[in-house]
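Engineer: pasted the sequence and its predicted model underneath.
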Amino acid sequence: MTALARLFPNGEWRLILAVLAEIALFAVVAPNFLTVGNFFEVTRLSVELGLLAVALTPVIVGGGIDLSVGSMLGLSAVVFGAAHKDFGLSIPLAAVSAVIVGAAGGALNALFIARLEIPPLIVTLGSLSLFRGIAEGITHAATNYTDFPRSFLALGQGYLGGVIPAQLPLFVLVVAGYVILLHRSIIGRALYAIGVSPAGARYAGIPVRRRVGLVYLLSGVVSSLAAIVYVAHLGQARSDAGNGYELDAITAVVLGGTSVFGGRGTLWGTLLGLFAISILRNGLQLAALPSELAGVLTGTLLLATIAIDRLRLGEQSSTGYSSEEEVKNSQVAVLCATIVAGSLIVASTNVWLVRSLQPIASPSIAPGTAASGPGGRRPVIAMMPKAKGDPYFISCRAGAEEAAKQLGVELIWDGPTGLDAARQNELVENWITRGVDAIAVAVENRAGISTVLRKARGRGIKVLTWDADAEPDARDFFVNQATPEGIANALTDEAARLLSGTGEFAIITGALSAANQNEWIAFIKKRQAEKYPDLKLATIRPSDDDRDKAFAETQTILRVHPNVKLVMAISAPAVPGAAEAVRQAARKDVNVIGLSLPNINKPYVHGDVVQTVVLWNTRDLGYLTIHAGMQMLQGTLAAGAQSMQGGRLGTLQIRGSEIILGPPLKFTKANIDQFDF
C-alpha cells in the first residue's frame with residue numbers, strides 16, 4: 001500500500017484538490033472571499049450542519065442511516081426554548097433538558113433498529129415525522145421562543161479574540177471525541193466490520209446490537225447539541241429549526257467518501273465534504289449568484305456519488321471487498337466535472353456583470369448625482385424576499401430592477417426558495433462579508449434576523465426592511481406597503497359587505513409565525529369586534545405561502561366548518577389555492593377574498609369564485625425600496641425625515657422610520673383587467 005493510500009484510504013486527496021480548486025476560483029471572482037474573516041465565517045456557518053454530519057459518519061459506516069437528525073434538532077431547540085421561557089429554567093438546565101430529549105430520541109431509534117432489527121431507513125423516516133410533529137405540537141407551529149440572554153447568544157454569535165467563532169471549540173471537541181471513537185477504539189473497528197457484514201460481525205463475537213445502538217444514541221445527543229448552537233446562532237427556537245439539514249449532512253458524509261452501503265469512510269473525509277459544500281455556498285453567494293445553484297450542484301454530486309459507489313460495489317462482489325481500494329477515476333471525474341460546471345457558471349456570470357458595470361442614467365436624475373461605492377464603483381444594494389418563487393415577490397423584483405436600472409445601482413436579488421429564516425441569516429452574513437453598501441430584507445422572522453441586521457449596521461451598511469419588519473433598532477427604515485390597520489380594515493370591511501355583516505369566515509394565512517400577517521390578523525379581530533360583532537372567525541389555518549397547501553387547508557375548512565361562508569386568504573399564493581378548492585367543491589355560497597396579485601387571480605375573479613383581491617402595487621413596493629436605499633447612500637434620506645421623493649411615485653410620507661407606500665387597492669371584476677402584475 002502506498003503512503004498516499006494509507007493517508008487517504010478512500011481517495012480523499014482528490015476532494016482536497018477539488019476544495020483547493022474552489023478556493024482558487026472564488027478568490028478571483030468573489031469579493032472578499034480570500035480573507036481570514038471569511039474563512040472563520042465559513043467555519044461558523046458550518047458548525048450546526050457539521051455536528052450532524054460528524055454524528056452521522058459512524059452511523060453510515062456501520063451500514064445504517066439516520067434521517068431524523070434535522071427533526072431532532074428542531075425538537076431539541078423547541079424543548080430548550082420552552083424550558084427556559086415557559087418553565088423558567090436557567091440556560092444550563094434548559095440545555096440539559098434539550099440533551100436529555102436528544103438522548104431519548106436517539107435511544108428510541110436504537111431500540112427499534114438495534115433491538116427489534118427494523119430497517120433504519122423505515123425507523124428514522126418515522127421518527128423524522130414524529131420528532132417534527134411533537135415540536136409543532138408544543139409550539140402549535142406558531143410559537144417562536146426569542147429574547148434569550150446575551151451571554152447565551154454569544155455562543156452562536158460571539159467571537160473569541162474578535163476572530164474565532166465562539167461555537168468552534170465545541171465543534172472541535174465533538175470531532176475529537178468521534179475521531180477517538182471511530183478511528184482509535186475497538187468500537188470503531190467493530191463498526192467497520194458491521195458495515196461490511198453484520199452477520200459476519202456477529203460470528204466474530206462483536207456485540208452488534210450494542211455497537212449499533214450506541215451510535216444512534218450519540219446521534220440524538222449530538223443533534224441536541226447542534227440545536228443549542230442553532231438557537232444561540234439565530235436567537236430563536238421554533239419548530240421548523242433544522243428543516244432539511246438531514247439531507248445536507250448525509251451529502252457531506254457521502255461526498256467525503258463514506259459509502260452509503262457501510263464499511264468504508266473517515267471523519268476527515270466528512271469534514272472535507274462539509275467544507276466543500278460550505279465553501280461552494282459561500283463563494284456563490286459572495287459572487288452574487290443564485291443561492292439555489294449550490295443545492296443543484298451538491299444534489300447532483302450526491303446522486304452521482306451514490307450511483308457510482310453502488311456500481312463499484314457491484315463490480316467488487318465477484319472479487320470480495322478490499323478496504324484499500326481507492327475511489328474510482330469515474331467518481332473523481334463526476335466530482336471534477338460538477339465543480340468545473342459550477343465554475344463555468346460563476347465565470348460566465350461574472351463576465352456578464354463586468355460588462356454591465358456602466359451606469360445607466362435615469363431620465364429623472366441628473367447624471368453625476370448618483371452615489372458611488374468605494375473606488376468609484378456603482379453602489380451595491382442586496383435585496384432579499386421571503387421566498388424567491390412566490391409570485392408576489394417576483395412582481396416586487398420587477399420594480400426593484402426598474403429602479404436599479406434607473407438609478408445606476410448594482411442589484412443583488414437573492415433569498416430562500418421557501419420560508420427559511422436560517423437561510424435569510426446566512427445570506428445577510430455573506431453580504432456583510434462581501435461588503436455591499438445597503439441591504440433590504442423582507443423579514444420572515446423578526447427576532448431571528450434582527451441580530452445579524454444589527455451586525456450589518458455596525459459595519460456601516462445601510463439596512464432597510466420591506467414587506468415585513470425587523471426590530472426597529474436593527475434597521476434604518478421600514479418600507480411599509482400600507483399600514484397594518486389599513487390592510488386589516490379593508491379586508492374586514494369587504495368581508496362584512498359580502499356577508500351582510502353576519503356569518504362565519506375563515507382565514508388562510510402564510511406561516512403562523514409570520515410577524516406581519518399576525519399583525520394583520522390582530523387588527524382584523526379588533527375591527528370585527530368593534531364594528532361587526534355578528535361576524536365570527538371560525539378558524540385560522542397556515543398555507544406556508546404554498547398554493548397547494550392553501551388548497552388542501554380550504555378543503556378541510558369546507559368539511560370541518562360547513563357554516564363558513566367566506567375564506568379570507570392573506571398570502572399571495574393562498575388566494576388562488578383557496579379559490580380552486582371552493583370552485584372544485586362547487587360551493588357557490590362561499591366567497592373568497594384576500595391579499596394577492598391580480599394576474600394570478602383573474603380567472604377566478606371573472607369566474608365569480610374570488611370576489612375581491614386587496615393589495616398594493618407590488619411592483620411599486622420593490623421600486624420604492626431601491627429608491628429609499630439609494631437616497632440613504634446619497635445622504636438625502638436620514639433619521640427624522642418626514643417625506644421622500646420616490647421617483648415616479650412622487651412624494652411619499654414617512655411616519656417615524658416607516659416609509660408608507662400608500663393605501664391598499666381593491667381589485668374586482670370591474671377593474672382587475674386594468675392591472676398587469
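Structural biologist: Now that the structure is in, tell me what you want to look at.

Engineer: switch to C-alpha atoms for all contacts and neighbour counts from now on
Structural biologist: OK.

Engineer: hang on, residue 279 is in a helix, isn't it?
Structural biologist: Yes. Counting by DSSP: H, G, I helix; E, B strand; the rest coil, residue 279 is found in a helix.

Engineer: so what's the nearest residue to it once chain neighbours are set aside up against?
Structural biologist: Spatial nearest neighbour of residue 279, chain neighbours left out: residue 42 (6.8 Å); criterion: Cα to Cα, 6 or more residues apart in numbering. Contact analysis of residue 42 by Cα atoms under 8 Å, 6 or more residues apart in numbering lists 278-279, 282.

Engineer: residue 594 too?
Structural biologist: Applying Cα under 8 Å, 6+ apart, we find residue 594 in contact with 491, 568-572, 575, 612-614.

Engineer: so which of those belong to helices?
Structural biologist: 491, 575 (DSSP state H).

Engineer: returning to what we had before: distance of the residue nearest to residue 279 from residue 515?
Structural biologist: Using Cα to Cα, to the nearest Å, residue 42 is found at 30 Å from residue 515.

Engineer: next: residue 534.
Structural biologist: Counting by Cα to Cα, the gap from residue 534 to residue 515 is 27 Å.

Engineer: among these two, which residue is more densely surrounded?
Structural biologist: Between residue 534 and residue 515, counting by other Cα atoms under 10 Å, residue 515 is the more crowded of the two (18 against 14).

Engineer: from the contacts of residue 594, pick the one nearest residue 636.
Structural biologist: Ranked by distance to residue 636 (Cα to Cα), the contacts of residue 594 are led by residue 614 at 32.6 Å.

Engineer: so where do the helices sit in the stretch 551-677 of the chain?
Structural biologist: Applying DSSP state H, counting those that start in this stretch to the stretch 551-677 of the chain gives helices spanning 574-584, 602-606, 618-634.

Engineer: ok so residue 381 is a strand residue?
Structural biologist: Yes. Residue 381: assigned to a strand according to three-state DSSP.

Engineer: can you pull the phi and psi angles for the spatially closest residue to it that is not a sequence neighbour?
Structural biologist: In space, and not counting its chain neighbours, residue 381 is closest to residue 438: 4.7 Å by Cα to Cα, 6+ apart. Main-chain dihedrals, residue 438, degrees, to the nearest 10: phi -150, psi 150.

Engineer: and residue 572, by the same measure?
Structural biologist: Dihedral pair for residue 572: phi -50, psi -50, per degrees, to the nearest 10.

Engineer: phi, psi of the nearest residue to it once chain neighbours are set aside?
Structural biologist: Sequence neighbours aside, residue 596 is the residue nearest to residue 572 in space, at 3.9 Å (criterion: Cα to Cα, 6+ apart). Residue 596 has phi and psi values of phi -170, psi -180 when expressed as degrees, to the nearest 10.

Engineer: ok, residue 596 - contacts?
Structural biologist: By Cα under 8 Å, 6+ apart, the contact set of residue 596 is 392, 570-575, 613-615.

Engineer: in strands, which of those fall?
Structural biologist: 613-615 (DSSP state E).

Engineer: redo those residues as a markdown table? Include neighbour count, pLDDT and distance to residue 432.
Structural biologist: What follows is the ones in strands among the contacts of residue 596, written out as a markdown table (neighbours: other Cα atoms under 10 Å; pLDDT from 0 to 100; distance: Cα to Cα, whole Å):
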| residue | neighbour count | pLDDT | distance to residue 432 |
| --- | --- | --- | --- |
| 613 | 29 | 94 | 38 |
| 614 | 20 | 90 | 36 |
| 615 | 23 | 87 | 33 |
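
Engineer: residue 428: which of the residues you listed is nearest?
Structural biologist: Distances from residue 428 to these, taken by Cα to Cα, are shortest for residue 615, at 28.0 Å.

Engineer: that closest one against residue 668, yeah?
Structural biologist: No. At 11.3 Å, residue 615 does not count as touching residue 668 under the criterion of Cα atoms under 8 Å.

Engineer: for the closest residue to residue 651 other than its chain neighbours, give me the pLDDT.
Structural biologist: Distances taken as Cα to Cα, 6+ apart place residue 645 nearest to residue 651, at 4.6 Å, with adjacent residues excluded. As predicted, residue 645 sits at a pLDDT of 91.

Engineer: separation between residue 645 and residue 582?
Structural biologist: Separation of residue 645 from residue 582 (Cα to Cα) stands at 43 Å.

Engineer: comparing the two, which residue is more hemmed in?
Structural biologist: The neighbour comparison of residue 645 against residue 582 (other Cα under 10 Å) goes to residue 582, with 24 against 16.

Engineer: quick one: the more buried one from residue 278, how far?
Structural biologist: Distance of residue 582 to residue 278, computed by Cα to Cα: 45 Å.

Engineer: same check, this time on residue 69
Structural biologist: Counting by Cα to Cα - residue 69 and residue 278 are separated by 19 Å.

Engineer: select, out of the helices of the stretch 551-677 of the chain, the one closest to residue 108.
Structural biologist: For residue 108, the closest of these is helix 574-584, at 37.9 Å, according to Cα to Cα.

Engineer: what does the closest one contact?
Structural biologist: Contacts for helix 574-584 (Cα under 8 Å, 6+ apart): 508-510, 543, 545-555, 567-569, 588, 590, 592-596, 600-601, 604, 609-610.

Engineer: one more time with 7 Å, if that's ok
Structural biologist: 508, 543, 545-548, 550-551, 554-555, 569, 592, 594, 596, 600-601, 604, 609-610 (Cα atoms under 7 Å, 6 or more residues apart in numbering).

Engineer: list the buried residues in stretch 488-504.
Structural biologist: Of the residues in stretch 488-504, 488-496, 498-499, 501-504 count as buried by neighbour count, 16 or more other Cα atoms under 10 Å.

Engineer: mind checking the pLDDT average for it?
Structural biologist: The model assigns stretch 488-504 a mean pLDDT of 94.

Engineer: try stretch 534-542
Structural biologist: Stretch 534-542 shows a mean pLDDT of 94.

Engineer: how about stretch 475-485?
Structural biologist: Averaged across stretch 475-485, pLDDT comes to 89.

Engineer: so who does the closest residue to residue 392 other than its chain neighbours touch?
Structural biologist: Nearest non-adjacent residue to residue 392, counting by Cα to Cα, 6+ apart: residue 572, 6.0 Å away. Listed by Cα under 7 Å, 6+ apart, the contact partners of residue 572 are 392, 595-597.

Engineer: max pairwise distance over the residues you listed: which two?
Structural biologist: Pairwise distances among the contacts of residue 572 were taken by Cα to Cα; the largest, 9.8 Å, belongs to 392 and 595.

Engineer: looking at those two, which is more packed in?
Structural biologist: Using other Cα under 10 Å as the criterion, residue 392 and residue 595 rank with residue 595 on top: 26 against 23.

Engineer: does that one touch residue 613 like I think?
Structural biologist: Yes. Between residue 595 and residue 613 there is a contact at 5.7 Å, judged by Cα atoms under 7 Å.

Engineer: doesn't residue 43 lie inside a helix?
Structural biologist: Yes. Residue 43 forms part of a helix when assessed by three-state DSSP.

Engineer: that one: neighbouring residues, count only.
Structural biologist: Look at residue 43: counted by other Cα under 10 Å, it has 20 neighbours.

Engineer: for the host helix or strand of residue 84, which residues meet the burial criterion?
Structural biologist: Secondary structure from DSSP states H and E places residue 84 in helix 69-85. Within helix 69-85, the residues scored as buried using 16+ other Cα under 10 Å are 69-85.

Engineer: I'd like the distance between the closest residue to residue 663 other than its chain neighbours and residue 24.
Structural biologist: Once flanking residues are discounted, residue 663 sits nearest to residue 482: 5.6 Å by Cα to Cα, 6+ apart. Counting by Cα to Cα, the gap from residue 482 to residue 24 is 47 Å.

Engineer: for residue 96, same thing?
Structural biologist: With distances taken as Cα to Cα, residue 96 is found 43 Å from residue 24.

Engineer: have a look at these two and say which one is more surrounded.
Structural biologist: The residue with more neighbours, out of residue 96 and residue 24, is residue 96; 17 against 13, by other Cα under 10 Å.

Engineer: thank you kindly, that will do.
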